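1. Okay, predicted coordinates and the sequence, questions at the end:
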Amino acid sequence: MPLLIAIDGPAASGKGTLARRLADYYHLPHLDTGLTYRAVAHVLLVNGWPLDDEAHAIEAARRVDLSNLDKHALSAHAVGEAASRVAVISEVRRILVEKQQDFARQPAGAVLDGRDIGTVVCPDADVKLYVTASAEVRAARRLRDIENRGGTADLDDILADIRRRDERDMGRTDSPLRPAVDAHLLDTTEMSIEAAFQAARAIVDGVQAERNDA
Ligand code: DC
């Protein structure tokens with residue numbers, strides 16, 4: 001039986017790492033849907049086009065190729081911030097959601113992570129996780145990521161960015177970030193990656209056991 005796992009949560013909640021670990025463990029293909037919004041933002045940024053330039057953003061969304069997402073170029077903190085701005089454009093969302101749904105239809109299933117996976121992209125997912133952590137803990141984790149990649153940043157600036165991003169992602173009218181009604185909530189504020197992975201695995205195993213009994 002295919003296994004489709006939907007993971008949502010705010011910026012730097014740990015959902016990406018969790019999604020990768022679950023995909024490895026259950027041998028499933030994984031799509032970080034944030035990269036698709038980042039790819040659109042990146043095209044606008046490198047061309048010097050404004051982030052509310054809908055026509056160019058829509059054209060860039062059409063050209064997004066899931067098999068060719070340059071994770072390295074797209075991982076910069078500033079690209080994430082820009083992605084959150086292009087993500088309010090409904091037509092961009094419609095185009096990217098269609099590509100994400102194609103990815104989700106694989107024989108073995110898949111793991112997708114993002115903001116609207118359990119609510120919009122894969123409302124019929126077998127398991128939905130909503131991963132959160134306090135804004136302070138997320139800012140500290142983001143700063144550590146930046147420093148590990150050889151960069152520098154100010155914790156207060158990162159915290160302000162994260163709060164602004166939460167507001168924009170949760171407050172937009174089209175597909176705002178929120179837990180699906182049937183999502184399992186996982187607050188990782190006081191959890192290590194390993195503990196969060198074990199908790200998520202227990203949830204997925206529980207759902208699978210129920211399915212096998214049915
Ligand atoms: O997960 P991330 O930080 O790479 O996402 C960057 C931005 O992209 C995020 O702030 C909002 C947008 N996004 C979205 O609107 N829907 C998704 N499924 C994934 C990301």
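-> Right, received. Where do you want to start?

2. which element is the closest residue to Glu81 other than its chain neighbours on?
-> Counting by C-beta to C-beta, 6 or more residues apart in numbering, Glu81 lies nearest to Asp161, which is 6.0 Å off, once chain neighbours are set aside. Every C-beta, even on glycine, is put in place using the N, C-alpha and C of the backbone. Counting by DSSP states H and E, the element that carries Asp161 is helix 155-171.

3. what's the next secondary structure element after that helix?
-> strand 184-187.

4. How far away from the center of its chain is the helix or strand Ile58 falls within?
-> Using DSSP H and E, Ile58 sits within helix 54-63. Mean C-alpha position of helix 54-63 versus that of the full chain (C-alpha atoms, centre = their mean, to the nearest Å) differs by 20 Å.

5. Same question for stretch 58-68.
-> The answer for stretch 58-68 is 17 Å, by C-alpha atoms, centre = their mean.

6. quick one: it near the ligand?
-> No. Using C-beta under 6 Å from any ligand atom, stretch 58-68 never reaches the ligand; the gap is at least 11.9 Å.

7. tell me which residues in that stretch are buried?
-> By neighbour count on 16 or more other C-beta atoms under 10 Å, the buried set for stretch 58-68 is Ile58, Ala60, Ala61, Val64.

8. now swap in stretch 117-126 and tell me
-> Quick answer for stretch 117-126 (16+ other C-beta under 10 Å): Ile117, Gly118, Thr119, Val120, Val121, Cys122, Ala125, Asp126.
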